[in-house]
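A.B. asks: Please work out how this folds:
(one chain, ligands or ions: 1)
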Amino acid sequence: MKSSRCFVLLLAIAVLFSFAVGSEAAPSRVLKLGHAVPEENAYHYGAQRFKDLVESKTNGDIQIDVFPNNQLGTGERDIIEGLQLGTIDLYVGSTGPMGGFEKKFLLFDFPFLFKDKKHVYDVLDGEIGTYIMGLLDDKGIHGLAWMENGFRNLTNAKRAINTPADAAGLKIRTQENKLHMAMWRGLGVDPTPMAWSEVFTALQQGTIDGQENPVPVIYTSKLYEVQKHLALTRHVFSPAIILVAKALFDSLTPEQQEIFRASAKEAAIYEREVCDKMENDYLGSLKQNGMEITTPDLALFQEASLKVYDEFKGELGDDAKLLDQIIASGK
Ligand code: PAF
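C.D. replies: This is a model prediction of the structure:
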């Protein structure tokens, strides 16, 4: 009798325990974060860190699902449009297409503007970066933190590049960015804007000769399989950014908004470290995979691309003065 009572008690405890575990609250929101590159890229590390931080700080009340490799769109412009339409909640990616949403973002597309990464982050994490990011709120997007894509370099399948004359005549995929296109045109290159999801096949089929991107992208997207030559042109620094749909952000509680901001900042610091390490490590990996790497005289490229300063300064209106401020702060 005593042992059967004991058995019933144990059974009741087991039922109560399984009920408690099973009743763990489901998230009140499940959000979609999209980016354009493979899971091996630093963006994915940053996106995962952001996800982990938000999920743990909200005790699982907000869940974030990360979709790499253009699963949510054909490329970065498409994903950002998804934020405006409310079909995608979060984006990690380059600012390359952002000039099409807020033209003052073109500020960061001027060639040879930044001296090194310290210069970049003094500007992005300072007044200028905060001001430019704040302009997005009117466009249905909210900026959370600056991440990193890196200094862009030219790759192609045809020949080694040491001078602008070597690049002339090549058909090069660019981002959907009018300033980048004008810069390449000035160098005698035929710029072909294209969504990132189409680039590998276009290179493989030879419909374009080359493209330009930072070393971590070139390696993690396996461009060495279709490109023989890499020239370290470092012609423009490509910032990355973590964005959230404004309507969604506005619907969060102040406490949740603070969690998003703090988590994005922490994830950005981590992502920059990962990206920087990849930039150093993957140069050797690209060589091992058969790429021939040249280090051109950058002064020649800089001189040949300066024309776009006069051509595009006007797009920035009164804020054209920020170009001079950035240049001065790098000296
Ligand atoms: O070239 C681009 O479109 C971007 O640099 C990429 C590869 C999508 C990463 O942001």
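A.B. asks: so where is the stretch 151-300 of the chain shaky, pLDDT-wise?
C.D. replies: Within the stretch 151-300 of the chain, no range satisfies pLDDT under 70.
A.B. asks: Could you tell me which residues of it lie near the ligand?
C.D. replies: Taking Cβ under 6 Å from any ligand atom as the criterion, the stretch 151-300 of the chain approaches the ligand at residues 175, 196, 213, 217, 238. (Glycine included, C-beta is placed from N, CA and C.)
A.B. asks: got a winner among those residues for most neighbours?
C.D. replies: Using other Cβ atoms under 10 Å as the neighbour criterion, residue 175 leads those with 30 neighbours.
A.B. asks: Name the nearest residue to it, ignoring sequence neighbours.
C.D. replies: Leaving aside its chain neighbours, residue 175 sits nearest to residue 96 (3.5 Å; criterion: Cβ to Cβ, 6 or more residues apart in numbering).
A.B. asks: Now name the helix or strand holding the closest residue to residue 140 other than its chain neighbours.
C.D. replies: In this structure, residue 140 finds its nearest non-sequential neighbour in residue 84, 4.3 Å apart by Cβ to Cβ, 6+ apart. Here residue 84, judged by DSSP states H and E, is contained in helix 76-85.
A.B. asks: avg pLDDT for that helix?
C.D. replies: In this model, helix 76-85 has a mean pLDDT of 98.
A.B. asks: related to what we said a few turns ago, now render the residues of the stretch 151-300 of the chain next to the ligand as TSV, adding secondary structure.
C.D. replies: Formatted as TSV, these follow (DSSP: H, G, I helix; E, B strand; the rest coil):
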residue	secondary structure
175	coil
196	helix
213	strand
217	helix
238	strand
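A.B. asks: Farthest-apart pair in those, please.
C.D. replies: 196 and 238 (12.3 Å; Cβ to Cβ).
A.B. asks: got the residues of the stretch 1-150 of the chain near the ligand?
C.D. replies: So the stretch 1-150 of the chain meets the ligand at 36, 37, 76, 93, 94, 96, 149 (Cβ under 6 Å from any ligand atom).
A.B. asks: Would you reformat these as JSON lines and include neighbour count?
C.D. replies: Below are these laid out as JSON lines (neighbours: other Cβ atoms under 10 Å):
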{"residue": "36", "neighbour count": "27"}
{"residue": "37", "neighbour count": "23"}
{"residue": "76", "neighbour count": "27"}
{"residue": "93", "neighbour count": "26"}
{"residue": "94", "neighbour count": "27"}
{"residue": "96", "neighbour count": "28"}
{"residue": "149", "neighbour count": "24"}
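A.B. asks: Skipping adjacent residues, who's closest to the residue in the chain that the ligand sits nearest to in space?
C.D. replies: Ranked by Cβ to the nearest ligand atom, the top residue of the chain for proximity to the ligand is residue 94, at 3.4 Å. The shortest distance from residue 94 to any non-neighbouring residue, by Cβ to Cβ, 6+ apart, is to residue 149 (4.5 Å).
A.B. asks: quick check, the one you found in a strand?
C.D. replies: Yes: counting by three-state DSSP, residue 149 is found in a strand.
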